[in-house]
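1. any chance you can model this:
(one chain, ligands or ions: 1)
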Amino acid sequence: MKNRVAVITGASSGIGLFTAKLLATRGAKVALLARRKDVLEQAVSEIRAAGGEALALMVDVTDQASVDAAAAAVEQAYGPANLVFNNAGVMLPGAIEARETDVWQHQIDLNVTGVMRVISAFVPQLVKSAEQGATVDLINTSSIAAQNIYPYFAVYSGTKAYVSHLSRHLRAELGPKDIRVSLIEPGITETELQGHWTFQGAKDWLAGAARSMEFLQPQDVAEVVAFLAAQPKHVNLQQVVVMPTRQA
Ligand code: NDP
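-> Have a look, this model is predicted:
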């Protein structure tokens, strides 16, 4: 991971936080992007105390200006990014008859348009890095929900299906420029994500799942990201599904 300048969105908790710490441990310079300043700064202190290089950047991916400002700050601090882990997201299940259009819109704005805002801000740096001969990755976090069918997750699953298909198309566009595009589709992972749920039907489903399997830990998914990024430059794992062993 030496010579890697990694940008991680959703880096204040869960999968993003563990990926930032892992990549830093392996020698990457890491920029941690999220909204919660205190948590990001704590993570950066821990990385630096362990001998790593890290930068905390307060970003709301629903606001293009804040994403653009972070992109400029990364390039100024470390040079152009050559690894973007586009991971921030939210999962808010609910019954469709409840007509929670604001909740639908929030998921779309974060999981779909937010992902695009990050791509828009950082692809120029990825192109620049590739032209300079660096190994370059754009890794987007989708979900097994992009493939499987779950009642009450229609809007969330739709946003993740977007991320998966977007990634395949971008790969066709950016691969010829030596930018690897990968997508990760994790199954249930124990993070803060489900802590935001209010819909009882989904909480009951999760409690049942917890009784029947051991969930993934965010470290498990972080290892997959590190594995993708560690491949030789001509090797691009296009799509990785990583699941708890017992999850169907
Ligand atoms: P967490 O809730 O632990 O992490 C979500 C991250 O996104 C946080 O760092 C949060 O930081 C950030 N975030 C949320 N809203 C914004 C915003 N507006 N702007 C910037 N950052 C934001 O969940 P996970 O680690 O589980 O989720 C990471 C990704 O993995 C998501 O895309 C999720 O959909 C996906 N995923 C998760 C699965 C799971 O079972 N956990 C399964 C499949 C996919 P902050 O609040 O500080 O802004």
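2. can you tell me the element Pro124 falls in?
-> helix 115-131 (DSSP states H and E).
3. now that helix: mean pLDDT?
-> Helix 115-131 carries an average pLDDT of 98.
4. mind listing what's buried along that helix?
-> Neighbour-count burial for helix 115-131 flags 115-119, 121-123, 125-130 (criterion: 16 or more other Cβ atoms under 10 Å). Glycine gets a C-beta too; all of them are placed from N, C-alpha and C.
5. what count of nearby residues applies to Gly94?
-> Here the count is done by other Cβ atoms under 10 Å, and Gly94 has 21 residues near it.
6. hmm, who's touching the helix or strand of the chain with the lowest mean pLDDT?
-> Least confident helix or strand of the chain, by mean pLDDT, DSSP states H and E, is helix 200-212 with a mean of 95. For helix 200-212, the surrounding residues in contact (Cβ atoms under 8 Å, 6 or more residues apart in numbering) are 93-95, 150-153, 188, 194, 197, 215, 246-247.
7. 6 Å instead, please
-> Contact with helix 200-212 is made by Pro93, Tyr152, Gln194, Trp197, as judged by Cβ atoms under 6 Å, 6 or more residues apart in numbering.
8. run through the residues that contact the last one.
-> With contacts defined as Cβ under 6 Å, 6+ apart, Trp197 is in contact with Lys203.
9. again, only this time at 7 Å
-> If you count contacts by Cβ atoms under 7 Å, 6 or more residues apart in numbering, Trp197 has them with Leu92, Pro93, Lys203.
10. rewinding a little: adding distance to Leu228, write the buried residues of helix 115-131 out as a markdown table.
-> What follows is those, written out as a markdown table (distance: Cβ to Cβ, whole Å):
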| residue | distance to Leu228 |
| --- | --- |
| Val115 | 17 |
| Met116 | 21 |
| Arg117 | 22 |
| Val118 | 17 |
| Ile119 | 17 |
| Ala121 | 21 |
| Phe122 | 17 |
| Val123 | 18 |
| Gln125 | 19 |
| Leu126 | 15 |
| Val127 | 19 |
| Lys128 | 21 |
| Ser129 | 16 |
| Ala130 | 16 |
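11. need the strands for the protein, in chain order.
-> Using DSSP state E, the strands of the chain run over residues 5-9, 29-34, 53-58, 83-86, 137-141, 180-186, 239-242.
12. and those as TSV, adding distance to the ligand and mean neighbour count?
-> Listed next are these as TSV, based on distance: least, Cβ to the nearest ligand atom, whole Å; neighbours: other Cβ atoms under 10 Å:
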stretch	distance to the ligand	mean neighbour count
strand 5-9	6	28
strand 29-34	4	29
strand 53-58	9	20
strand 83-86	9	29
strand 137-141	4	24
strand 180-186	4	24
strand 239-242	9	16
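13. mind putting those in JSON lines, mean pLDDT included?
-> Below are the strands of the chain laid out as JSON lines (pLDDT from 0 to 100):
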{"stretch": "strand 5-9", "mean pLDDT": "98"}
{"stretch": "strand 29-34", "mean pLDDT": "98"}
{"stretch": "strand 53-58", "mean pLDDT": "98"}
{"stretch": "strand 83-86", "mean pLDDT": "99"}
{"stretch": "strand 137-141", "mean pLDDT": "99"}
{"stretch": "strand 180-186", "mean pLDDT": "98"}
{"stretch": "strand 239-242", "mean pLDDT": "98"}
